[in-house]
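J.: Sequence plus the predicted model coming up.
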Amino acid sequence: MNLGGSWLVSPWMAGFHGGRMADSVSPKLRSENMARIRSKDTAPELMVRRALHAAGLRYCLHRRGLPGRPDLVFPSRRLCVFVHGCFWQGCSRCIDGKRTVKSNNAYWVAKLAGNKARDARHAAALDAAGWRVLILWECQAGEAEALTGLAAAIKAVPALRRGD
């Protein structure tokens, strides 16, 4: 291997640049992959919606006038439910929420901390406006016990009468 000006790089080293691992896909493909990451109608959210609907609860979806556009809104109970993604919102219950990204670490630490701060601001704004906020984590969405508990917690909140 010639360490001078130009030298051949074996295929397994082609991804290395300046001691860092470069992205293994083209920027166009990376953009397409990231565009597929949904913010609503995710698989965990759909599981929660099915379970709550089966429990006889009716709700609105992604109400625009509320801070954070909650996943599920129960207007008559002034209650919002967020279904948080374990990685994106930093779940403390599972490995996905505790995982640290090794490449471009500074960006990801700031990004995930910003997500948590934004979620806290939205919850505080909803609370200040008189809304109750419940959070269910992605890792809980497949647990029957967690879904039953969520349905019970929602039913325990009394519905407001018109004009209240």
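T.: Great, that's in hand.
J.: And the pLDDT at Arg50?
T.: pLDDT for Arg50: 96.
J.: dump the residue contacts of it.
T.: Shown in contact with Arg50 (C-beta atoms under 8 Å, 6 or more residues apart in numbering): no residues. No exception for glycine: its C-beta is placed from N, CA and C like everyone else's.
J.: Start the count at 20 instead of 1 going forward.
T.: Sounds good: first residue 20 from here, last item Arg69.
J.: Could you give the separation of the helix or strand where it lies from the chain centroid?
T.: Using DSSP states H and E, Arg69 sits within helix 62-73. Relative to the centre of its chain, helix 62-73 is centred 15 Å away, using C-alpha atoms, centre = their mean, to the nearest Å.
J.: burial measure for Leu76, as a count.
T.: For Leu76, the tally of surrounding residues (other C-beta atoms under 10 Å) stands at 17.
J.: same deal with Asn52?
T.: For Asn52, using other C-beta under 10 Å, the count is 10.
J.: Repeat that for Lys135.
T.: Using other C-beta under 10 Å, the number of residues around Lys135 comes to 13.
J.: if I look at it, how far off is Ser111?
T.: From Lys135 across to Ser111, the span is 11 Å (C-beta to C-beta, to the nearest Å).
J.: Remind me what the longest helix anywhere in the chain packs against, helices and strands.
T.: Secondary structure assigned by DSSP state H gives helix 124-147 as the longest helix of the chain. With contacts taken as 3 or more C-beta pairs under 8 Å, 6 or more residues apart in numbering; DSSP states H and E, helix 124-147 sits against strand 98-103, helix 105-108, strand 151-156.
J.: could I get the ones you listed as a markdown table with mean neighbour count?
T.: Shown next, in a markdown table, are the helices and strands packed on helix 124-147 (neighbours: other C-beta atoms under 10 Å):
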| stretch | mean neighbour count |
| --- | --- |
| strand 98-103 | 23 |
| helix 105-108 | 18 |
| strand 151-156 | 19 |
